[in-house]
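[1] What follows is a predicted protein model with its sequence.
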Amino acid sequence: MKIMIHPRVQKYLNETGEKDRLIKHIQKLADNPYNSRIGADIKKLKGKKHDMYRLRVGEHRFEYFIDESIIWIDNSFLRGREYR
């Protein structure tokens with residue numbers, strides 16, 4: 001699968017001091033975007049218009065959806081900031 005990252009997510013990655021570690025976990029989504037693994041928790045989100053998933057890596061959260069064979073990383077934030 002191909003991974004597409006929204007420009008605001010790319011900006012978030014550039015501003016964090018853990019860019020390399022986060023990119024590694026995002027790239028692993030191409031192998032299996034549905035199941036959790038060591039160091040990265042994946043959860044299907046409820047209440048969205050289409051199937052969205054959340055990738056948790058430490059304090060960082062990434063929301064993504066899958067369209068055909070493309071994984072679209074749509075949003076990124078720190079824990080507790082977007083959960084309202």
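    It's in.

[2] neighbouring contacts of the helix or strand that residue 4 is a member of?
    Residue 4 belongs to strand 2-5 when elements are defined using DSSP states H and E. With contact meaning C-beta atoms under 8 Å, 6 or more residues apart in numbering, strand 2-5 is reached by 13, 26, 27, 29, 30, 69, 70, 71, 72, 73. C-beta here means a position set from N, CA and C on the backbone, and glycine is covered the same way.

[3] and what of stretch 69-81?
    1-6, 8-9, 12-13, 26, 29-30, 33, 52, 56, 59-66, 82.

[4] can you check stretch 13-21 too?
    Here stretch 13-21 has contacts from 5, 22, 23, 57, 58, 60, 76, using C-beta under 8 Å, 6+ apart.

[5] mind checking the end-to-end distance for that stretch?
    10 Å (C-alpha to C-alpha, to the nearest Å).

[6] and it, how far out from the chain's middle?
    Put simply, stretch 13-21 sits 13 Å off its chain's centre (C-alpha atoms, centre = their mean, to the nearest Å).

[7] And stretch 48-55, by the same measure?
    How far stretch 48-55 lies from its chain's middle: 10 Å, per C-alpha atoms, centre = their mean.

[8] Check which residues of that stretch are buried.
    Applying a neighbour-count criterion of 16 or more other C-beta atoms under 10 Å, one finds 52, 53, 54, 55 buried in stretch 48-55.
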